[in-house]
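A.B. asks: got a sequence here, can you model it:
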Amino acid sequence: MNILIAGYGKMGRIIETLAIERGHRIAAAVDPFYIEEKTASFAPVFKTIADLDRAGGAAALSIDVAVEFTRPDTAAANIKALAERRIPVVVGTTGWLDLLDEVSAVVNKAGSSLLWASNFSLGVNLFYRIAEFAAKLADPFPEYDVGGFEVHHNKKVDGPSGTAKTLAEKVLAQMKRKKIAVYDKLDRPPAPDELHYASLRVGSVPGIHTLTFDSPADTIEITHTARGREGLASGALTAAQWLVDSPGGKVRQGVFTMDDVLESIL
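C.D. replies: You can find the predicted model right below:
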């Protein structure tokens with residue numbers, strides 16, 4: 001694949017390194033804050049997606065797919081700009097999903113493609129499925145209350161994490177006695193139908209997510225601990241390959257998630 005990296009920060013550079021190791025090519029990068037004209041692999045760096053047009057566009061740059069890891073306040077605009085240029089995009093930025101319907105409409109109207117996930121780590125996506133199964137098993141036993149917490153580095157700009165929100169939504173979908181996730185500080189006991197999921201920002205923690213089932217007799221905990229960003233980059237590249245390599249040999253069109261990728265693997 002020839003990859004456009006949108007956001008040439010820590011994640012963008014990890015994606016670049018891993019992509020090259022896997023035999024892919026970095027066609028270009030877009031980052032308004034990167035001061036050099038080339039990436040580490042000598043791909044051109046543009047300030048904005050619009051600047052791609054002045055370089056001849058996606059065809060001239062041989063772009064097959066974009067991988068976007070930027071910020072919540074820029075992700076939606078980036079996705080729209082890429083969709084309008086018919087550049088398929090994999091998005092790992094979190095904190096923008098309140099605009100998903102609006103963005104999806106632009107993607108579908110353009111006949112382009114978007115694959116988003118709150119977390120592209122294969123381990124996290126397996127963790128989701130384990131958590132769903134555990135929630136379904138625990139639901140008939142009201143003595144087991146459920147909640148959890150997540151921990152991330154102190155530079156993370158959104159909270160709770162997108163992974164935490166996805167986890168809570170998947171657990172709620174499996175439990176009849178829990179109806180709503182509460183992410184804020186509670187100055188009261190949680191209601192019986194509330195799932196309390198808390199957040200902590202400290203130091204350099206890549207990411208820890210825990211789901212707890214607690215009863216008067218014992219505790220069951222399920223935890224995913226990330227050791228770094230490499231798992232996210234690996235999953236994003238796997239998703240990008242899935243997006244552009246459909247069984248019919250054409251780029252998949254529409255809006256997809258990591259669940260679609262995992263379903264095809266399983």
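A.B. asks: strands of the stretch 101-250 of the chain, residue ranges please.
C.D. replies: Along the stretch 101-250 of the chain, counting by DSSP state E, counting those that start in this stretch, strands occupy 113-116, 145-152, 180-182, 194-201, 208-214, 219-225.
A.B. asks: ranking these by burial, who's on top?
C.D. replies: strand 113-116 (a mean of 26; mean count of other CB atoms under 10 Å). Quick note: C-beta positions are derived from backbone N, CA and C, even for glycine.
A.B. asks: what lines up beside that one in the sheet?
C.D. replies: Strand 113-116 has its sheet partners listed here by DSSP bridges as strand 89-91 (parallel), strand 254-257 (parallel).
A.B. asks: go through the ones you listed and pick out the most buried.
C.D. replies: The stretch of the strands paired with strand 113-116 with the highest mean neighbour count (mean count of other CB under 10 Å) is strand 89-91, at a mean of 28.
A.B. asks: which residues in the stretch 151-266 of the chain form helices?
C.D. replies: All helices of the stretch 151-266 of the chain, identified by DSSP state H, counting those that start in this stretch, fall at 162-174, 230-244, 258-265.
A.B. asks: using CSV, write out every CA atom in the longest one.
C.D. replies: Coordinates of the C-alpha atoms in helix 230-244 are reproduced here as CSV (Å, rounded to 0.1, in the frame of the first residue of the first chain):
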residue,chain,number,x,y,z
GLU,A,230,2.8,-0.3,18.5
GLY,A,231,-0.3,-2.4,19.0
LEU,A,232,-2.5,0.6,17.8
ALA,A,233,-0.3,1.1,14.8
SER,A,234,-0.3,-2.6,13.8
GLY,A,235,-4.1,-2.8,14.0
ALA,A,236,-4.5,0.4,12.0
LEU,A,237,-2.3,-1.0,9.2
THR,A,238,-4.2,-4.3,9.3
ALA,A,239,-7.5,-2.3,9.0
ALA,A,240,-6.1,-0.2,6.1
GLN,A,241,-5.1,-3.4,4.2
TRP,A,242,-8.6,-4.8,4.8
LEU,A,243,-10.2,-1.6,3.6
VAL,A,244,-8.4,-1.4,0.2
